[in-house]
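Engineer: Whatever this is, show me its structure:
(one chain, ligands or ions: 1)
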Amino acid sequence: MNSPDYMAPARLAEALEIKKNLGEQARVIAGGTDLLLRMRDAVLSPSMLIDLRRISLNGIEITDGGMRLGAFVSLSQVLESDDIGRYFPALPAACREFAGPPIRNRGTLGGNIVNASPAADLVPPLIAYDASIVLQSSGGERVVPLGEFFTGPGQSVIRPDEILTEIRLPLMPASSAATFIKLGQRRSMAISQVNLATRLSVDESAVVSEARIVLGAVAPVPLRATAAEQILLGNEITEASIRQAARKAREEVTPISDVRASLGYRLEMTEVLVRRALLETRDRLTGSSPDG
Ligand SMILES: Cc1cc2nc3c(=O)[nH]c(=O)nc-3n(C[C@H](O)[C@H](O)[C@H](O)COP(=O)(O)OP(=O)(O)OC[C@H]3O[C@@H](n4cnc5c(N)ncnc54)[C@H](O)[C@@H]3O)c2cc1C
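Structural biologist: Predicted coordinates for the structure are as follows:
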């Protein structure tokens with residue numbers, strides 16, 4: 001592997017100018033936990049690494065309408081943040097199942113998103129919480145709903161001259177709960193065979209006003225099971241509607257067989273885990289189960 005040049009600019013504008021001139025040849029290095037392996041395996045061979053550590057992209061800020069997380073917020077920071085735990089508990093729940101402490105200290109939210117793995121663990125809860133991301137270039141910024149970011153395995157709508165700077169989360173309606181579940185070959189240090197996040201919000205009559213069922217590792221991109229969500233919307237939550245939604249979710253995914261799991265197992269587990277996650281989410285809404 002040829003050694004790339006390395007820059008740690010003090011201002012974002014400098015980094016954006018490098019991206020404008022070099023495009024994909026210049027790669028942002030965040031924690032490096034994905035990037036360095038891809039460089040070692042010659043999947044990527046950038047000529048320049050841009051380290052943004054001197055620029056403050058690791059803030060966690062509550063705003064009027066929600067929360068802003070810098071792209072360089074690490075998984076350990078997510079776990080340590082009381083505010084994230086209080087408002088978006090499925091995020092620390094996903095971080096707890098993520099690798100081990102050394103990788104959590106280095107790995108970032110932005111890296112997990114831009115790497116665009118269909119099995120990325122932080123993506124289903126972020127989509128379930130209606131996250132948007134801010135992509136900056138020297139020409140300005142655009143805000144993209146995270147659910148519209150991914151286009152295929154390792155592929156997304158980020159342009160070669162853009163840097164992901166921020167993740168935005170709107171505050172959830174008052175009666176909301178979410179659940180994250182990860183299925184791997186081991187309890188820790190495993191890439192997901194299936195991962196998912198569910199979120200339900202209910203109105204004062206206990207009718208579902210918002211439903212999110214977001215699945216990873218069962219399609220080329222993290223996938224919202226929108227037909228399954230429709231079954232829950234506008235109705236009270238019952239065991240029957242949960243069972244029906246889980247069956248529908250199974251019809252919506254398009255998994256493959258690979259070294260981690262077979263197609264049939266992934267299909268089966270999609271139904272089982274969606275049902276389990278929705279039951280847990282319902283119990284959280286009624287206060288009979290803790291958050292996350
Ligand atoms: C042992 C091990 C265990 C792992 N376990 C898990 C796991 O359980 N679950 C899971 O989901 N993943 C896991 N991973 C994968 C990896 O740790 C995560 O995807 C992590 O979040 C990547 O973040 P990073 O900061 O290290 O990204 P990097 O490796 O620095 O970057 C990844 C990609 O994103 C680009 N990038 C990063 N930040 C930006 C930005 N702000 N703007 C533009 N482009 C950017 C980089 O150029 C690169 O292409 C594991 C990896 C290892 C090595």
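Engineer: What segments of the stretch 51-200 of the chain are strands?
Structural biologist: Taking DSSP state E, counting those that start in this stretch to define them, one finds strands in the stretch 51-200 of the chain at 60-62, 66-70, 132-137, 140-145, 150-152, 155-156, 163-170, 176-183, 194-202.
Engineer: What is the burial count for the residue in the stretch 151-292 of the chain positioned nearest to the ligand?
Structural biologist: Per CB to the nearest ligand atom, the residue of the stretch 151-292 of the chain with the smallest distance to the ligand is Leu164, at 3.7 Å. Yep, even glycine has a C-beta here, placed from its N, CA and C like the rest. Residues near Leu164, counting by other CB atoms under 10 Å, number 25.
Engineer: Tell me the pLDDT of it.
Structural biologist: pLDDT recorded at Leu164 is 98.
Engineer: winner for burial among the strands of the stretch 51-200 of the chain?
Structural biologist: strand 194-202 (a mean of 27; mean count of other CB atoms under 10 Å).
Engineer: After that strand, which helix or strand is next?
Structural biologist: Later in the chain than strand 194-202, the nearest helix or strand by DSSP states H and E is strand 208-216.
Engineer: by contact count, what packs against that next one?
Structural biologist: helix 123-128, strand 194-202, strand 223-224, helix 226-232, helix 239-252, helix 263-285 (3 or more CB pairs under 8 Å, 6 or more residues apart in numbering; DSSP states H and E).
Engineer: what mean pLDDT would you report for the third one?
Structural biologist: In this model, strand 223-224 has a mean pLDDT of 98.
Engineer: Can you give the strand pairings for that strand, parallel or anti for each?
Structural biologist: strand 208-216 (antiparallel) (DSSP bridges).
Engineer: circling back: now the helices and strands packed on strand 208-216 as TSV including distance to Ser137?
Structural biologist: Below are the helices and strands packed on strand 208-216 laid out as TSV (distance: least, CB to CB, whole Å):
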stretch	distance to Ser137
helix 123-128	22
strand 194-202	30
strand 223-224	27
helix 226-232	31
helix 239-252	34
helix 263-285	37
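Engineer: what does the model give the residue in the chain that the ligand sits nearest to for pLDDT?
Structural biologist: The ligand sits closest to Gly111 of the chain, with a gap of 2.1 Å, by CB to the nearest ligand atom. What the model reports as pLDDT for Gly111 is 98.
Engineer: before we move on, back to that, figure out which of the strands of the stretch 51-200 of the chain is closest to Ser47.
Structural biologist: Among the strands of the stretch 51-200 of the chain, the nearest to Ser47 by CB to CB is strand 163-170 (16.8 Å).
Engineer: And the contacts of the closest one?
Structural biologist: Under the criterion CB atoms under 8 Å, 6 or more residues apart in numbering, residues 12, 15-16, 19, 28, 50, 52, 57, 65-71, 73, 87-88, 109-110, 113-114, 126, 129-137, 141, 143, 146, 158 lie in contact with strand 163-170.
Engineer: now stretch 31-47
Structural biologist: 1-2, 4-5, 22, 24-27, 29, 74, 99, 103, 106-108, 111, 115, 117.
Engineer: Now go through these and say which are in helices.
Structural biologist: Within the contacts of stretch 31-47, residues falling in helices by DSSP state H are Leu22, Ile103, Arg106, Gly111.
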